[in-house]
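**Student:** Quick one, structure for this:
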Amino acid sequence: MKIILDLMGGDNAPLAPLDGAAQAVKEYGVQVVGLGDEALIRKTAAENAIPLDGIELVNCTENIEMCDEPARAVRQKKDSPIVVGLNMLKEGKGDAFVSAGSTGALHVGTSLIVRALRGVKRPALATMIPAQKGAYLLLDCGANVECRVDMLEAFAVMGTCYMKRVEGIQDPSCALVNNGAEESKGTPLLRETHQKLKTTPGIRFVGNIEPRDIPAGNVDVVVCDGFTGNVVLKLTEGMAKMIMGMVKGAFLSSATGKLAGLMMKGKVAELKKQMDSEEYGGAPFLGARQPVIKAHGSSKAKAIKNAIRQAKKCVDNDLCGTMQAALDDVAAANAAAAKTSET
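**Tutor:** Okay, here's the model as predicted:
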């Protein structure tokens, strides 16, 4: 299996992506096609004793920066790792693409080059978020600020497929983010979406979920528009950082606290691992015809390695094919319902 990797994307490039790629080759047995400034990449590998075994390098003379306007950058910077990588994926020169680069450029490039599955207007950015009970999948978490009912329905279907195929959950539950649990709550869009999801085939819809209940992890797939999802994601990240900081401060504040910290060291380490988003890799663009994974911009080697593992699982379990079949079932059901209502 070949995983195409942007070696120039992210705050810690090219060292972190290169190191993560080498670890992934060793641990998962994949081949990696690394894209970027070949001279710099080889120099970085030599200086850090990173083996290039199993990593094929493709030189790119340009790079899309975080400050670049996404659509313009994709059109103009044809020799950047994001554009080259997505074109290679489309042409069958790799099985999946991973990048920690510009989210906007990756979203635009995925939509224009790789294209979306039948029945999907625009791919959704989905991410696994640590919770009290394991983790849940949040989508959309930033790609589509405004959504229609059919888009939110597609998110629910694709999120359910992801949790089944990649996370191994047999019957994942799905909920719609709202300001109340009652069916009558929320905007007209949310009320209509709620009624739609109640009859959507292939998902287990459990109703609305209030933001305060999301961190409990009682729901496997959390559906919302990209604006709401991005707020949920960033607030969750901020709260987790604050709480871990407060716990650390409490243990270091006194001799008693330090003693308690030593006694609780193992439990704190378990909690830290459970809340570590790097364990889950990256955020897939669900709805793309082929697997595209967006790693966090601040990803270190561990996160890149796990993003590659995530990409491998998407390919191994034919995630895109499964999503297309599920979306086709929904389209057929909606067509039948529309025909019935006409008669």
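**Student:** going forward, measure contacts between C-alpha atoms and count neighbours the same way
**Tutor:** Noted.
**Student:** As a check, name the ranges of all strands in the stretch 1-150 of the chain.
**Tutor:** Using DSSP state E, counting those that start in this stretch, the strands of the stretch 1-150 of the chain run over 2-6, 31-36, 55-59, 96-99, 124-130, 135-139.
**Student:** Geometrically speaking, which residue is the centre of the chain?
**Tutor:** With distances taken as C-alpha atoms, centre = their mean, the residue of the chain nearest its centroid is residue 283 (1.2 Å).
**Student:** now that one: how far from residue 243?
**Tutor:** According to C-alpha to C-alpha, to the nearest Å, residue 283 stands 24 Å off from residue 243.
**Student:** where does the residue nearest to the centre of the chain land in three-state SS?
**Tutor:** strand (DSSP: H, G, I helix; E, B strand; the rest coil).
**Student:** Can you tell me who it pairs with across the strands?
**Tutor:** residue 294 (DSSP bridges).
**Student:** Could you report the separation of it from residue 306?
**Tutor:** Residue 283 is 11 Å from residue 306, by C-alpha to C-alpha.
**Student:** Find the nearest non-adjacent residue to residue 192, please.
**Tutor:** residue 149 (7.1 Å; C-alpha to C-alpha, 6 or more residues apart in numbering).
**Student:** so how far is residue 136 from that neighbour?
**Tutor:** Residue 149 is 22 Å from residue 136, where distance means C-alpha to C-alpha.
**Student:** do residue 331 as well
**Tutor:** 26 Å.
**Student:** do residue 177 as well
**Tutor:** Counting by C-alpha to C-alpha, the gap from residue 177 to residue 136 is 13 Å.
**Student:** list the residues that contact both of those two?
**Tutor:** Contact criterion C-alpha atoms under 8 Å, 6 or more residues apart in numbering; residues shared by residue 177 and residue 136: residue 222.
**Student:** can you tell me the average pLDDT over stretch 32-40?
**Tutor:** The pLDDT scores in stretch 32-40 average 97.
**Student:** no, scratch that, I was asking about stretch 103-119
**Tutor:** Averaged across stretch 103-119, the pLDDT comes to 94.
**Student:** buried set for it?
**Tutor:** 103-111, 113-117 (16 or more other C-alpha atoms under 10 Å).
**Student:** burial count for residue 7?
**Tutor:** Using other C-alpha atoms under 10 Å as the criterion, residue 7 is surrounded by 32 other residues.
**Student:** what do you get for residue 145?
**Tutor:** Neighbours around residue 145, by other C-alpha under 10 Å: 14.
**Student:** Then residue 34?
**Tutor:** Residue 34, neighbours per other C-alpha under 10 Å, totals 27.
**Student:** Okay, it and residue 9: tell me how far apart.
**Tutor:** Counting by C-alpha to C-alpha, the gap from residue 34 to residue 9 is 11 Å.
**Student:** Residue 116 too?
**Tutor:** Distance from residue 116 to residue 9, by C-alpha to C-alpha: 23 Å.
**Student:** same thing with residue 163?
**Tutor:** 27 Å.
**Student:** Check residue 187 too.
**Tutor:** Distance from residue 187 to residue 9, by C-alpha to C-alpha: 38 Å.
**Student:** So for those two, which sits in the more crowded spot?
**Tutor:** Neighbour count, other C-alpha under 10 Å: between residue 187 and residue 9, residue 9 has more, with 30 against 11.
**Student:** separation between residue 228 and residue 237?
**Tutor:** In this view, residue 228 and residue 237 are 14 Å apart by C-alpha to C-alpha.
**Student:** what does residue 40 give?
**Tutor:** Residue 40 is 33 Å from residue 237, by C-alpha to C-alpha.
**Student:** Cheers, nothing more for now.
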